[in-house]
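**Student:** kindly return the folded structure for what I paste below:
(one chain, ligands or ions: 3)
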Amino acid sequence: MISSERIPNNVNLSSDKRLQRALEYWQPKDLQWWREMGPQGFQDYHQVYLRTATSVDPKGWAHFEYVKLPDYRWGIFLAEPEHDRRIGFGQFKGQAAWQEVPGEFRNPLRRLIVTQGDTEPASVEQQRMLGACCPSMYDLRNLFQVNVEEGRHLWAMVYLLHSYFGRDGRDEAEELLERQSGNHDKPRMLEAFNAPIETWLDFFAFTMFTDRDGKSQLLSLSESSLDPLSRTTRFMLTEESHHMFVGDTGLGRIIERTCELMKESGFSEDVRKVGGIDLPVIQRHINFWFSLSLDLHGGEVSSNAANYFTNGLKGRAEEDKHQDDHILAEGVYMLDSVDEDGRPSRQEVPMRNALNEVLRDWYVEDCRSGIDRWNKKIASHGIDFCFELPDRKFHRDIGVFKGLYFDPSGHRISEEEWVRRHDEWLPSAVDKAYLKSLQAKPVFERGKFANYIAPPLRGVNQRPIDFEYVRTEA
Ligand code: BYC
Ligand code: FE
Ligand code: FE
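**Tutor:** Ligands and ions are numbered 1, 2, ... in the order given. Presented below is the predicted three-dimensional model:
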């Protein structure tokens with residue numbers, strides 16, 4: 001049944017018959033997808049201490065209670081409207097923001113919304129097996145919190161498709177449940193969302209680096225002239241910060257524990273002997289998920305990006321912080337690229353065509369702060385090791401560096417060297433087998449943590465660390 005009680009919302013669902021009808025058809029399919037493709041093994045007998053958004057004001061969006069996963073109330077929320085909001089960039093700068101989709105931009109807007117929407121269920125699919133190998137009840141709960149919120153982000157995009165794109169939108173909403181992460185015939189649209197997430201190290205690196213692409217893309221979409229898209233994505237960003245918190249602190253806690261284990265074992269290099277995760281394997285996971293997430297920003301030179309900006313569909317992250325005319329009809333960007341022979345070269349690109357790269361610049365800086373913090377932690381233990389973000393040419397499959405080989409410092413190398421040294425730089429089969437052996441026995445006891453990860457500094461919602469975050473039904 002579609003009701004405002006079951007579906008918390010601030011879009012007047014109870015009086016919107018058209019939306020109700022569309023959702024009545026879509027919601028059972030969504031629930032079926034969630035049961036089949038969502039968290040495995042925790043749907044029927046477990047209750048999870050989760051936050052549910054019940055309104056957009058600061059009190060309402062963090063309502064905590066125990067719920068069974070399929071009973072989660074996925075809501076539809078838009079950030080509060082801004083009075084007399086004006087378009088902030090592109091050729092329509094200064095005009096009133098759009099409350100409806102202009103016919104001439106229907107296709108590109110639909111495509112942006114579908115692309116965004118496709119990533120949300122994809123990430124749930126990628127993470128569906130992790131519950132059974134969790135390092136603690138606290139982490140298990142955080143995994144499910146991220147999963148239900150990505151499920152809500154799917155709802156957010158489906159709301160836009162149902163409300164503003166008619167028949168086409170309804171078809172697209174169905175297809176969002178039909179494509180599947182990693183599926184050979186019907187894969188997810190963007191490559192990072194087809195890569196398997198089999199270990200908790202992958203999960204933390206994914207939420208640190210790939211959810212952060214969520215942040216940069218959502219910031220850009222929240223500048224959109226299409227006001228409902230802007231408001232929807234603005235509210236999604238409030239949830240996104242928790243996902244990055246999970247990744248950032250998850251990696252930080254593994255690093256902390258590794259340093260402790262190294263100290264305990266007399267600074268031996270081989271922390272695997274005492275069941276820890278060595279720092280180089282963490283670096284390889286950073287290399288992997290960071291480079292995949294660089295690809296998610298699209299080609300360096302992109303006419304799609306230029307059109308999005310010119311027409312006001314998608315802006316830059318924090319558009320108002322840019323000190324220029326926000327029209328960019330004239331500027332150029334000096335792009336680090338390669339010439340026809342694959343040699344490094346600098347290329348002048350019209351600014352509008354370089355906006356994927358501009359957003360990538362923003363993203364790289366946003367990632368760096370985490371790396372710096374972890375390095376300080378390692379140094380405070382007296383250990384001589386530094387994490388680094390790989391060069392942006394490393395391991396790229398989209399854009400000008402695709403098909404060429406670079407080491408993590410950005411030096412061009414031969415294919416032979418790439419093949420020979422691949423396992424130095426990216427997670428290897430041996431790494432994966434080791435990580436899987438570490439997590440083979442899940443930790444479900446209250447307040448206990450797997451040997452390879454330190455406890456968090458504090459619990460969720462001011463609950464103690466040994467709180468029963470996931471309980472089986474009485
Ligand atoms: N994989 O002109 P270009 C999140 C395609 S994450 C495969 O450079 P454009 C989340 C591209 O479609 C944020 N294909 O592309 C995180 C194009 O195809 P056509 C998700 C790719 O359009 C964690 C061609 O290559 N949101 O929320 O400028 C958990 C030429 O490329 C890829 C968005 O992405 C790729 N990586 O930029 C849960 C925002 N990259 O035209 C959730 C919406 C490019 O030749 N999407 N291609 O058929 C966009 O803004 C743009 O679609 C992109 C691509 C930035 C992704
Ligand atoms: Fe999301
Ligand atoms: Fe997210």
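**Student:** who in the stretch 151-300 of the chain is up against ligand 1?
**Tutor:** By the criterion of CB under 6 Å from any ligand atom, the positions of the stretch 151-300 of the chain lying close to ligand 1 are 190-191, 210-211, 213-214, 217, 295-299. For glycine as for every other residue, the C-beta is placed from the backbone atoms N, C-alpha and C.
**Student:** the nearest residue to residue 295 once chain neighbours are set aside and ligand 2, how far apart?
**Tutor:** The shortest distance from residue 295 to any residue that is not its chain neighbour, by CB to CB, 6 or more residues apart in numbering, is 4.2 Å, and that residue is residue 398. Distance of residue 398 to ligand 2, computed by CB to the ion, to the nearest Å: 20 Å.
**Student:** doesn't residue 398 belong to a helix?
**Tutor:** No: remark: residue 398 does not belong to a helix; assigned using DSSP: H, G, I helix; E, B strand; the rest coil, it is coil.
**Student:** now do the contacts for it.
**Tutor:** Contacts of residue 398 were listed using CB atoms under 8 Å, 6 or more residues apart in numbering, and they are 191, 295, 298-299.
**Student:** next, the nearest residue to residue 393 once chain neighbours are set aside: phi, psi?
**Tutor:** The shortest distance from residue 393 to any residue other than its chain neighbours is 4.1 Å, reached at residue 406 (CB to CB, 6+ apart). In terms of degrees, to the nearest 10, the main-chain angles of residue 406 are phi -130, psi 150.
**Student:** could you identify the helix or strand that succeeds the helix or strand where residue 28 lies?
**Tutor:** The secondary structure element spanning residue 28 is helix 17-37 (assigned by DSSP states H and E). Sequence order places strand 46-52 as the next helix or strand after helix 17-37, per DSSP H and E.
**Student:** what segments of the stretch 251-400 of the chain are helices?
**Tutor:** If you assign secondary structure with DSSP state H, counting those that start in this stretch, the helices in the stretch 251-400 of the chain sit at 279-295, 303-310, 355-380.
**Student:** to residue 125, which of the ones you listed lies closest?
**Tutor:** For those, proximity to residue 125 was assessed by CB to CB; helix 279-295 is nearest, at 16.0 Å.
**Student:** could you list every helix and strand in contact with the closest one?
**Tutor:** Helix 279-295 sits against helix 200-205, helix 227-264, helix 355-380, helix 415-425, helix 429-438, with contacts defined as 3 or more CB pairs under 8 Å, 6 or more residues apart in numbering; DSSP states H and E.
**Student:** what's the angle between the second one and helix 279-295?
**Tutor:** Computed by axes from the mean of the first three to the mean of the last three CA atoms, to 10 degrees, the angle separating helix 227-264 from helix 279-295 equals 170 degrees.
**Student:** okay, the helices and strands packed on helix 279-295 in a markdown table with distance to residue 307 next?
**Tutor:** A markdown table is the format used below for these (distance: least, CB to CB, whole Å):
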| stretch | distance to residue 307 |
| --- | --- |
| helix 200-205 | 33 |
| helix 227-264 | 16 |
| helix 355-380 | 10 |
| helix 415-425 | 35 |
| helix 429-438 | 41 |
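**Student:** nearest to residue 99, of the ones you listed?
**Tutor:** helix 227-264 (5.6 Å).
**Student:** do the closest one and ligand 2 meet?
**Tutor:** No: Helix 227-264 lies apart from ligand 2 when judged by CB under 5 Å from the ion; the minimum separation is 6.1 Å.
**Student:** buried ones in that helix?
**Tutor:** 227-236, 238-240, 242-244, 246-259, 261-262 (16 or more other CB atoms under 10 Å).
**Student:** now for the nearest residue to residue 348 once chain neighbours are set aside: which residues touch it?
**Tutor:** The shortest distance from residue 348 to any residue that is not its chain neighbour, by CB to CB, 6+ apart, is 4.9 Å, and that residue is residue 332. Shown here is residue 332, whose contacts under the criterion CB under 8 Å, 6+ apart are 348-351, 354.
**Student:** which parts of the stretch 201-350 of the chain sit against ligand 2?
**Tutor:** So far as CB under 5 Å from the ion goes, the stretch 201-350 of the chain lies against ligand 2 at residue 214.
**Student:** for the stretch 1-150 of the chain, what spans make up the strands?
**Tutor:** Taking DSSP state E, counting those that start in this stretch as the test, the strands found in the stretch 1-150 of the chain are 46-52, 63-67.
**Student:** can you give me the neighbour number for residue 132?
**Tutor:** 15 (other CB atoms under 10 Å).
**Student:** and the residue in the stretch 101-250 of the chain that ligand 2 sits nearest to, helix, strand or coil?
**Tutor:** Relative to ligand 2, the nearest point of the stretch 101-250 of the chain is residue 153 (3.7 Å; CB to the ion). Judged by three-state DSSP, the three-state class of residue 153 is helix.
**Student:** circling back: buried subset of the contacts of residue 332, written for PyMOL?
**Tutor:** Here is the PyMOL command that selects the buried residues among the contacts of residue 332 (16+ other CB under 10 Å):
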select buried, resi 349+350+351+354
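**Student:** residue 163 contacts residue 19, doesn't it?
**Tutor:** Yes: with contact defined as CB atoms under 8 Å, residue 163 counts as touching residue 19 (5.8 Å).
**Student:** overlap in contacts, the two.
**Tutor:** Overlap between the neighbourhoods of residue 163 and residue 19 consists of residue 11, taking contacts as CB under 8 Å, 6+ apart.
**Student:** how far away is the closest residue to residue 355 other than its chain neighbours from residue 332?
**Tutor:** In space, and not counting its chain neighbours, residue 355 is closest to residue 305: 4.3 Å by CB to CB, 6+ apart. In this structure, residue 305 and residue 332 are 15 Å apart, going by CB to CB, to the nearest Å.
**Student:** re the thing from before, show me the two of the residues of the stretch 151-300 of the chain next to ligand 1 that sit farthest apart.
**Tutor:** Those two in these that are separated most widely, counting by CB to CB, are 211 and 299, at 22.0 Å.
**Student:** on that earlier part again, closest one of the contacts of residue 332 to ligand 3?
**Tutor:** Ranking the contacts of residue 332 by separation from ligand 3, with CB to the ion as the measure, puts residue 354 on top at 26.4 Å.
**Student:** who's in contact with that closest one?
**Tutor:** The contact partners of residue 354, taken as CB under 8 Å, 6+ apart, are 300-301, 305, 332-333, 335.
**Student:** now restrict those to buried residues only.
**Tutor:** Neighbour counting by 16+ other CB under 10 Å classes 300-301, 305, 333, 335 among those as buried.
**Student:** and the residues you listed, which is closest to residue 15?
**Tutor:** Of all the buried ones among the contacts of residue 354, residue 305 has the smallest distance to residue 15: 38.3 Å, by CB to CB.
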